[in-house]
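Provide a 3D model corresponding to the input given below.
(chains A and B)
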Amino acid sequence: MSRTISVEGDVNAIDTRVLLTGQGSVTTPSLVVPAGMKKIVKIIATACTDGLAAGEVVFFLRLGGNAVLNGEQVIMFGGEDSQTVQAGSDSAPSLGSIFALNDADIAVASSDTISIAAEMAGVDVGDATVAITLVYGK
Amino acid sequence: MPKLYRSREGQVTAVDTKSQLATLGSETAPGPLLVPSAAKNLEAIICAFATDASVVADGSFLVRLEGPGLPEGPETIVIGSQGVSTATGGHGSRTAMRFELDIPITPANEILIFAENVGEDVGTATVGVTLEFTV
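Numbers count the residues shown, from 1 in each chain, chains lettered A, B, ... in the order given. As a prediction, this is how the structure comes out:
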């Protein structure tokens, strides 16, 4: 049996740790690891930017908090770039791709709280939205 | 067995130049990346990169792993490529890639991570690498 938790948030500045605590219409989803779950078995991550600044970044995830048994785990999951010469109907969309890390196997303590944060590093490309799903297993 | 993930990122601004990835976003000086004491091997690396596509050119990127944490010597892994026909506007998105490996390691010793743009100079790139250790 597995359980999931998804969170999202805005990452609008480079080199800034942003806690992802929202879930759309659910503003404060529980970040307590469900009872009986022993590890994170899969991570699904996506990000896209508005491209309002010219640059290039990589995105990464920080998993921490009391629930993560072996300390903070930091995992890269994507990159985005933008040139700002484009305008109007010439503007290219940012189609955020999905990264899925299967068999992530990160040990967690059930009934304890996990902290899920994201960052972008590099040269600022504008505002970003990041969404993460953790799949817990036994 | 649980896994441990350690990451670094940095910029590559010139072609055929080894650039060390030594920062981690808000951590500007995370210090040496040491092989965790409980680790048994380097099972995989996860890489993400993006370029500013500011030059009409085509090039590839590779990652070099070096240091005393790798008893068998340095490793080199190609992680992707980039090319544009015009440098007058665009937007790119890349997912990270996981490359499965099985590289012996020496616990408590340092691994240095470098990235490099080879081929033609495609502008400025940011590269991030995660090392996936098994325990």
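
Does the lowest-mean-pLDDT helix or strand in chain B reach chain A?
Least confident element among the helices and strands of chain B, by mean pLDDT, DSSP states H and E: strand B:90-95 (a mean of 85). Yes. Strand B:90-95 lies within reach of chain A by Cβ under 8 Å from any Cβ of the partner chain, at B:90-95. For the C-beta atoms, the positions are set from N, CA and C on the backbone; glycine is no exception.

Kindly format the C-alpha coordinates of that strand as CSV.
This file holds the C-alpha atoms of strand B:90-95, laid out as CSV (Å, rounded to 0.1, in the frame of the first residue of the first chain):
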residue,chain,number,x,y,z
GLY,B,90,12.9,31.5,-26.6
HIS,B,91,12.1,29.4,-23.7
GLY,B,92,13.3,26.0,-22.7
SER,B,93,12.4,23.4,-20.1
ARG,B,94,14.3,20.3,-19.2
THR,B,95,13.6,17.5,-16.9
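
who's residue 100 bridged to?
You didn't pick a chain, so chain A it is. With DSSP bridges as the criterion, residue A:100 is bridged to residue A:44.

could you do chain B instead?
residue B:44.

That one contacts residue B:42, doesn't it?
No. When contacts are counted by Cβ atoms under 8 Å, residue B:100 is not listed as touching residue B:42 (10.4 Å).

The two: which is more packed in?
With neighbours defined as other Cβ atoms under 10 Å in any protein chain shown, residue B:100 and residue B:42 compare such that residue B:42 has more, 22 against 8.

which residues sit in contact with the nearest residue to residue A:103 once chain neighbours are set aside?
Leaving out its chain neighbours, the residue that sits closest to residue A:103 by Cβ to Cβ, 6 or more residues apart in numbering or on different chains is residue A:41, at 6.9 Å. By Cβ atoms under 8 Å, 6 or more residues apart in numbering or on different chains, the contact list for residue A:41 reads A:2, A:102-105, A:135-137.

same thing with residue B:55?
Residue B:55 makes contact with B:84, B:87, B:120-123, according to Cβ under 8 Å, 6+ apart.

Just the buried ones among those residues, please.
Neighbour counting with 16 or more other Cβ atoms under 10 Å in any protein chain shown marks B:84, B:87, B:121-123 as buried within those.

near chain A too, which of those?
Contacts with chain A within the buried ones among the contacts of residue B:55, as defined by Cβ under 8 Å from any Cβ: residue B:87.

Which member of the buried ones among the contacts of residue B:55 is positioned nearest chain A?
Using Cβ to the nearest Cβ, residue B:87 is the member of those that sits closest to chain A, with 6.9 Å.

Show the contacting residues for that closest one.
Neighbours of residue B:87 in contact, by Cβ under 8 Å, 6+ apart: A:83, B:53-56, B:123.

Quickly check those residues for the two that are furthest apart.
Between any two of these, the greatest separation by Cβ to Cβ is 11.8 Å, found for A:83 and B:56.

Those two - which one has more neighbours?
Neighbour totals were compared for residue A:83 and residue B:56, and residue A:83 leads with 24 against 14 (other Cβ under 10 Å).

Just grab the bridge partners of that one for me.
Those that pair with residue A:83 in a beta bridge, by DSSP bridges, are residue B:90.

How about residue A:113?
Going by DSSP bridges, residue A:113 is paired in beta bridges with residue A:32.

tally of neighbours for it?
13.

Now do the residue with the largest distance to the centre of chain B against chain A, distance only.
Farthest-out residue of chain B from its mean C-alpha position, per Cα atoms, centre = their mean: residue B:88, at 27.7 Å. Using Cβ to the nearest Cβ, to the nearest Å, residue B:88 is found at 5 Å from chain A.

what helix or strand is that residue on?
Counting by DSSP states H and E, no helix or strand carries residue B:88.
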